[in-house]
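1. No sequence on hand, only this structure:
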């Protein structure tokens, strides 16, 4: 079986800002030292520029996201995942989106017969890279 196109992998993305890495998974928003999950150092890094957003404002923003759009139970491998989170946060911080080859991938997979056949299984997959700390504003960095 094949999807009819080359699939290099499914991207896990995160945002590094104010000396920490932030990502979203099935347990909600998490943070760690850069490259600190069991996935290790990133395969590639995209520089989205600098931000004028202070750490305090950013952490308040993250806290509100964690209580609304990006709760753990809202996670979905195709429609609401780490890439959705990275894209949202990147736009808040810099006004720039993450690359479309990352955000377009789920729709491209689902557009294939193979993707449609696997959808029930794939929808049940919960991804949470080990090594991060669940983000909570109330006790500092976690």
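-> Looks like it came in fine. What you see is a predicted model, and the numbers here were worked out from it, not measured in a lab.

2. Stretch 41-48: how far from the chain's middle?
-> Chain-centre distance of stretch 41-48: 13 Å, with Cα atoms, centre = their mean, to the nearest Å.

3. same thing with stretch 34-49?
-> Put simply, stretch 34-49 sits 12 Å off its chain's centre (Cα atoms, centre = their mean).

4. what's the answer for stretch 101-113, then?
-> How far stretch 101-113 lies from its chain's middle: 16 Å, per Cα atoms, centre = their mean.

5. Next: stretch 28-36.
-> That offset, for stretch 28-36, works out to 11 Å (Cα atoms, centre = their mean).

6. same thing with stretch 60-69?
-> How far stretch 60-69 lies from its chain's middle: 14 Å, per Cα atoms, centre = their mean.

7. Can you list the buried residues in it?
-> In terms of neighbour count (16 or more other Cβ atoms under 10 Å), stretch 60-69 has its buried residues at 61-62, 65-66. C-beta here means a position set from N, CA and C on the backbone, and glycine is covered the same way.

8. residues in contact with it?
-> 22, 28-29, 53, 85, 88-89, 92, 135-137 (Cβ atoms under 8 Å, 6 or more residues apart in numbering).

9. Scan those residues and report the most crowded one.
-> Greatest neighbour count in the contacts of stretch 60-69, by other Cβ atoms under 10 Å, goes to residue 89: 27 neighbours.
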